[in-house]
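Chemist: Build me a structure from this.
(one chain, ligands or ions: 1)
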Amino acid sequence: MVFFSIVGFVVLFIVIGGFCVFFDQAILARRGTIYRIKTDKKRVLLTFDDGPSPDWTPKILDELKKENISAVFFMIGHHVQKYPDIARQVASEGHTIGNHGYAHSVMFYYTPAEIEEEIQYTEHVIREATGQTTKYFRPPKAWLRRNIKKKVKSMGYETILWSLNSKDWVSFNHKSIVKYISGHIKNGDILLFHDSGNVTTTEGGNRRQTVKSISLLARALREKGFEFVSIEELINGE
Ligand SMILES: [Zn+2]
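Modeler: Residues are numbered from 1 along each chain as shown. As a prediction, the model looks like this:
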């Protein structure tokens, strides 16, 4: 009996793990969001989720500075409360801060009142730490029901997903991240990375491959004629 429950657990683990690694759930959640911008310009946007992290965000900021790239950091409210200095550093280096909710809860069953409370509280926390307000929201795990997307929009926010998922949170090799992205890149793509966490947690984790991938990715995409733009440039087509 114990043997079968262990086998069952392993099978379940492989099935769920395989689903997470090979399938991008955001593809099913794109309706009513911005996940790629239609453009004939070879422009792309980098986004980093789940920070700020004292271990990894500063290293990622250094890489972005070296490559002169302006990115979006979708921050978790309680991480901002824990590490306000890091959140401030992100803002002061010219990046855009996005709202990723307070506690990284999956919001699929949220009511309009619950989403409003969580977004507003996270906005308050980000403003307290950085002095910045934000109008970009990314739901944890991408799930959001249609009426909730409308609610988010009515609050003056755009829901931003992604078109290309680096899967950096399960990657052991930065070269494979870059190879995958440069093999699939399209105009107006929004790329998903993480500056905190790993498979089991959103805090800390090991983001070494993410850090190492940035300069390699910058080189690979620029060689193909792509430029990295800010979210305003991408959305407004400036
Ligand atoms: Zn997240």
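Chemist: Lowest-scoring secondary structure element of the protein by mean pLDDT?
Modeler: helix 2-22 (a mean of 69; mean pLDDT, DSSP states H and E).
Chemist: what's downstream of that helix, the next helix or strand?
Modeler: strand 43-49 (DSSP states H and E).
Chemist: does that next one come close to the ion?
Modeler: Yes - using C-beta under 5 Å from the ion, strand 43-49 reaches the ion at residue 49. Where you see a C-beta, it was placed from the backbone N, CA and C, and this is true even at glycine.
Chemist: which residues touch the most centrally placed residue in the chain?
Modeler: The residue lying closest to the centre of the chain (C-alpha atoms, centre = their mean) is residue 49, at 3.3 Å. Taking C-beta atoms under 8 Å, 6 or more residues apart in numbering, we find residue 49 in contact with 73-74, 100, 138, 192-196.
Chemist: can you rerun that using 10 Å?
Modeler: With contact set as C-beta atoms under 10 Å, 6 or more residues apart in numbering, residue 49 has these partners: 72-76, 98, 100, 104, 138, 140, 162, 168-169, 192-197, 202.
Chemist: Residue 55 too?
Modeler: Residue 55 sits next to 83, 86, 195-196, 203-208 when contact means C-beta under 10 Å, 6+ apart.
Chemist: Which other helices and strands does whichever strand or helix holds residue 119 contact?
Modeler: Per DSSP H and E: residue 119 is located in helix 112-130. Using 3 or more C-beta pairs under 10 Å, 6 or more residues apart in numbering; DSSP states H and E, the elements in contact with helix 112-130 are strand 72-75, helix 77-82, helix 84-92, strand 96-99, strand 136-137, helix 146-154.
Chemist: Now do the same for that helix: mean pLDDT, whole number.
Modeler: The average of the pLDDT scores along helix 112-130 is 97.
Chemist: list the buried ones in it?
Modeler: 115-116, 118-119, 122-123, 125-126, 129-130 (16 or more other C-beta atoms under 10 Å).
Chemist: now that helix and helix 84-92, what's the angle there?
Modeler: 90 degrees (axes from the mean of the first three to the mean of the last three C-alpha atoms, to 10 degrees).
Chemist: who does the residue lying closest to residue 184 once chain neighbours are set aside bridge with?
Modeler: Once flanking residues are discounted, residue 184 sits nearest to residue 164: 6.0 Å by C-beta to C-beta, 6 or more residues apart in numbering. Counting by DSSP bridges, residue 164 forms beta bridges with residue 191.
Chemist: Residue 164 is in contact with residue 44, isn't it?
Modeler: Yes - taking C-beta atoms under 10 Å as the definition, residue 164 is a contact partner of residue 44 at 8.2 Å.
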